[in-house]
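[1] give me a model of this one.
(chains A and B)
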Amino acid sequence: MMTIKDLPLEDYFTSGHTACPGCGPAILAKVIMKVFGKNTVIYTPANCLLVFGGTYPYLAWKVPYHHVAFENTAVCIAGIRRALKRMGRDDVHVIGIAGDGGTADIGIQALSGAAERNEDVIYIMYDNEAYMNTGIQRSSSTPYGAWTTTTPVGKVRAGKTEFKKDVPRIMIAHNVPYVATACISFPNDLLAKLEKAKRIRGFRYLQILAPCPTGWRFPPEKTIEVGRLAVETGMWTLYEYENGVMRINHKPKMIPVEEYLKLQGRFRHLSEEDVKRIQDYVKRKWESDLALCRAYGGCE
Amino acid sequence: MLAAQALASAAFHDGYYGVAFPFFGAERRGAPVLAFARIDREKIYQKTQIYEPDCVVVLDDKLVDLVNVAEGLKQDGIAIINSSKKPDEIELEREAKVAVVDATTIALEVLGTPITNSAMLGAFAKATGIISMDALEKGIMDIFGPRIGVERAKRNIEAAKKAYESTDIGVCKGGRMFEKGKKWLPNWDELPIGLATRALKTDVGLVGIGSFVENKTGTWRTFRPVINKEKCVNCLLCWFYCPDGAIKRVSDGVEVDYDYCKGCGICANECPVKAITMVR
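    Prediction:
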């Protein structure tokens, strides 16, 4: 199994990009490229990663890189993969990296189609839980209670009133070869999953939580800490679904969610009742993840 | 951007008209950005960017070395600069009236973060005399209050007051040369099909894949990480977690590449043996 020490020195996502200090997705892009290396084609739709990874004619990517429209990620990578196959290049990994808005909202029909056709591509959703690129608007992946510019804190309502859409389960329902959830704060788990995604053929979906200091309103040095708390409080579960078998990779310590929420300005306004509602949600989420895992044969 | 809005709002409280707007580039938080404010006794109909300002406010003195901040500044205009230097130690393109305040130190003392916009507004009030401190307090509360809460807005007012009291006005040195901004402007027949960018070495630097390495983001930084090699256990977590690839693996451990380090502090926060400290 690959560990941090085995990663190559060379970066195929270079320094000099213009992400905010402490950017979670920037860490993820660097790590993805360290694992996949030179024989890779990258596609990103509109998202922060597109903007901070390149401003024409400059690019931080050191591999062939494509950008088309917001909703097209899955269909474009499928097309690139098929063209490469036609050229006899089976050794090239085709990866689409989209944000949560570009996946859970705008890109979901193309994603569902490509998954159902079992296209031989890797689709990575970096989940920073809102449209950060356009200035922090809510997406269907934004958690309950979170402030965004489109779920403002007022007298009648405060923050988002709906819970987070569970896209990994939608992908499990497509019965693709590989679905995994990960978080940048758990390096060994993340590396193992990226490595596995590199090895498996067919449609692979990874959803990786990548905290955003600017949009979540926490100091930039806390990015990893916040991600770790998301997992240890049970807000985010680390699991994988491989050829019909689901495994939970990390049993959360179930720290009270308050510890996670209070680090972030986007939850500052929450009432005691809201916190309780989120705690209940976490409990239900963990129980249902566990039940699903049992149903798919990976947990006792 | 908030500062420009607070300034325009303060202008209203002093009986002026005020307009403020930012210039949005593709950069992110911490990167150099522009915002404009117009203040007038008459109604303001001009909504363009300002090319010949009466006053330039520079929130970060590292910009003085990189950008010609006095470009277009009116002959009797004033540059207000966040710096720990004295006015006559500042060097611009030409001699000009400057006001200097150490806003970073003030912001760190009063706010606990190096966000200098409110302090710089205090310096503006002192240096220009256009806006009264009273109006500025109201302006800051108008704009900062709903965003960050009344308590933190009050601390920003305190920072502005402190800056007002410690602003130093004088004349700077001139004669500094700046290169004109260089851009890659290919002819039609040099442009690749579909606007694809190949990796090219042009006379203004690299373009295409991997060319961002020439963009040195180290200038964004306020604090820099320093590694204590004796404490370091070479776990490589800082190397893994650095969003900017600014931590390099070397034969005997890790090293910081200050050309790119944006000073986020993740490395210091995550180091399991506390071998990394952030210093100014």
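[2] for the residue in chain B that chain A sits nearest to, give me its contacts.
    In chain B, the residue found nearest to chain A is B:Gly265; the distance is 3.2 Å by Cβ to the nearest Cβ. Heads up, the C-betas are built off the backbone N, CA and C, glycines and all. B:Gly265 makes contacts with A:Gly22, A:Pro219, A:Pro220, A:Glu221, B:Phe223, B:Pro225, B:Met278, as judged by Cβ atoms under 8 Å, 6 or more residues apart in numbering or on different chains.
[3] quick one: it and B:Trp239, what's the gap?
    15 Å (Cβ to Cβ, to the nearest Å).
[4] helices along the chain, start to end?
    Chain wasn't specified; assuming chain A. Under the criterion DSSP state H, chain A contains helices at A:24-36, A:48-52, A:73-86, A:100, A:108-116, A:167-172, A:187-199, A:213-216, A:223-232, A:257-261, A:272-295.
[5] can you look at chain B instead?
    Listed in chain order, the helices of chain B (DSSP H) span B:2-13, B:62-66, B:103-110, B:117-128, B:133-148, B:150-166, B:237-241, B:266-270.
[6] just name the most buried of these.
    Of the helices of chain B, the one with the most neighbours on average (mean count of other Cβ atoms under 10 Å in any protein chain shown) is helix B:117-128, at a mean of 26.
[7] how far off centre is that one?
    Centroid displacement of helix B:117-128 relative to its chain, using Cα atoms, centre = their mean, to the nearest Å, is 15 Å.
[8] how about stretch A:51-66?
    Taking Cα atoms, centre = their mean, the mean C-alpha location of stretch A:51-66 is offset from the chain mean by 20 Å.
[9] what's the burial count for B:Met177?
    Counted by other Cβ atoms under 10 Å in any protein chain shown, the residues lying close to B:Met177 total 6.
[10] what's the closest non-adjacent residue to it?
    B:Glu93 (7.8 Å; Cβ to Cβ, 6 or more residues apart in numbering or on different chains).
[11] before we move on, the earlier item: any idea which of the helices of chain A gets closest to chain B?
    Nearest of these to chain B, taken as Cβ to the nearest Cβ: helix A:24-36 at 3.8 Å.
[12] is it true that the residue nearest to B:Met177 touches B:Gly72?
    No: using Cβ atoms under 8 Å, B:Glu93 makes no contact with B:Gly72, being 10.2 Å away.
[13] and B:Val204, how many neighbours?
    For B:Val204, the count of nearby residues is 12 (other Cβ under 10 Å).
[14] doesn't B:Lys183 make contact with it?
    Yes: in terms of Cβ under 8 Å, B:Val204 counts as a neighbour of B:Lys183; the distance is 6.6 Å.
[15] and stretch A:34-46, anywhere near chain B?
    No: Stretch A:34-46 is not in contact with chain B by Cβ under 8 Å from any Cβ of the partner chain; minimum separation 8.8 Å.
[16] show me which residues of that stretch are buried.
    By neighbour count on 16 or more other Cβ atoms under 10 Å in any protein chain shown, the buried set for stretch A:34-46 is A:Lys34, A:Val35, A:Phe36, A:Thr40, A:Val41, A:Ile42, A:Tyr43, A:Thr44, A:Pro45, A:Ala46.
[17] relative to A:Gly107, how far out is the last one?
    For A:Ala46, the distance to A:Gly107 (Cβ to Cβ) stands at 10 Å.
[18] overlap in contacts, these two.
    A:Phe70.
[19] whatever residue of chain A ends up closest to chain B - how many residues pack around it?
    The minimum distance from chain A to chain B, using Cβ to the nearest Cβ, falls at A:Glu221 (3.2 Å). Neighbours of A:Glu221 under the rule other Cβ under 10 Å: 21.
[20] again, but for the one 3 residues further on
    Using other Cβ under 10 Å, A:Ile224 is surrounded by 24 other residues.
[21] shaky segments in the chain?
    Because you didn't say which chain, this covers chain A. By pLDDT under 70, the low-scoring segments of chain A are A:300.
[22] hmm, I had chain B in mind actually
    Checking chain B against pLDDT under 70 turns up B:24-32, B:180-182, B:194-196.
[23] show me the residue at the heart of it, geometrically.
    Taking Cα atoms, centre = their mean, the centroid of chain B lies closest to B:Asp60, which sits 4.3 Å from it.
[24] quick check: phi and psi at A:Pro162.
    You called it Pro, but residue A:162 is Glu. Here is the backbone geometry of A:Glu162 (degrees, to the nearest 10): phi -110, psi 160.
[25] verify the stated contact: A:Glu129 with A:Lys164.
    Yes: counting by Cβ under 8 Å, A:Glu129 does reach A:Lys164; the two are 7.4 Å apart.
[26] and for the two, which residues touch both?
    Shared contacts of A:Glu129 and A:Lys164, counting by Cβ under 8 Å, 6+ apart, come down to A:Ser141, A:Thr142, A:Pro143.
[27] please name the nearest non-neighbouring residue to the first one.
    What sits nearest to A:Ser141 in space, not counting adjacent residues and going by Cβ to Cβ, 6+ apart, is A:Asp100, at 3.6 Å.
[28] which ones are touching the residue nearest to B:Met177?
    Counting by Cβ under 8 Å, 6+ apart, B:Glu93 touches B:Asn68, B:Ala70, B:Glu71, B:Gly174, B:Gly175, B:Arg176, B:Met177, B:Phe178.
[29] what's the most distant pair in those residues?
    For the contacts of B:Glu93, the maximum inter-member distance is 14.7 Å, found between B:Glu71 and B:Gly175 (Cβ to Cβ).
[30] the more surrounded of those two?
    In terms of neighbours (other Cβ under 10 Å), B:Glu71 is the more surrounded of B:Glu71 and B:Gly175; the figures are 13 against 9.
[31] so how far is A:Pro64 from the more buried one?
    Between B:Glu71 and A:Pro64 the computed distance is 39 Å (Cβ to Cβ).
[32] now swap in A:Pro220 and tell me
    Distance, A:Pro220 to A:Pro64, by Cβ to Cβ: 31 Å.
[33] the more surrounded of those two?
    Taking neighbours as other Cβ under 10 Å, A:Pro220 and A:Pro64 compare with A:Pro220 leading, 21 against 14.
[34] quick one, phi/psi of the closest residue to the more buried one other than its chain neighbours?
    Among residues not flanking A:Pro220 along the chain, A:Gly22 sits closest, at 2.6 Å (Cβ to Cβ, 6+ apart). Main-chain torsions, A:Gly22, degrees, to the nearest 10: phi 80, psi 20.
[35] neighbours of A:Gly22, how many?
    Using other Cβ under 10 Å, A:Gly22 has 30 neighbouring residues.
[36] quick one, what contacts it?
    Neighbour list for A:Gly22: A:Pro213, A:Pro219, A:Pro220, A:Glu221, A:Lys222, A:Thr223, B:Pro243, B:Lys262, B:Cys264, B:Gly265, B:Ile266 [criterion: Cβ under 8 Å, 6+ apart].
[37] kindly recompute the last result at 6 Å.
    Neighbouring residues of A:Gly22 by Cβ atoms under 6 Å, 6 or more residues apart in numbering or on different chains: A:Pro213, A:Pro220, A:Thr223, B:Cys264, B:Ile266.
[38] how much space between it and B:Ala275?
    Counting by Cβ to Cβ, the gap from A:Gly22 to B:Ala275 is 19 Å.
[39] any residues of the stretch 151-300 of chain A in contact with chain B? List them.
    Contact residues (Cβ under 6 Å from any Cβ of the partner chain) of the stretch 151-300 of chain A with chain B: A:Pro187, A:Thr214, A:Pro220, A:Glu221, A:Thr223, A:Ile224.
[40] name the pair among these with the greatest separation in space.
    Farthest pair in those, by Cβ to Cβ: A:Pro187 and A:Thr214, 22.9 Å.
[41] domain assignment for chain B?
    B:2-171, B:182-215, B:216-280 (automatic domain parsing).
[42] quick one: the second one near chain A?
    Yes: between domain B:182-215 and chain A, judged by Cβ under 6 Å from any Cβ, the touching residues are B:Trp184, B:Thr197, B:Val207, B:Ile209, B:Gly210, B:Ser211, B:Phe212, B:Val213, B:Asn215.
[43] done for today, thanks.
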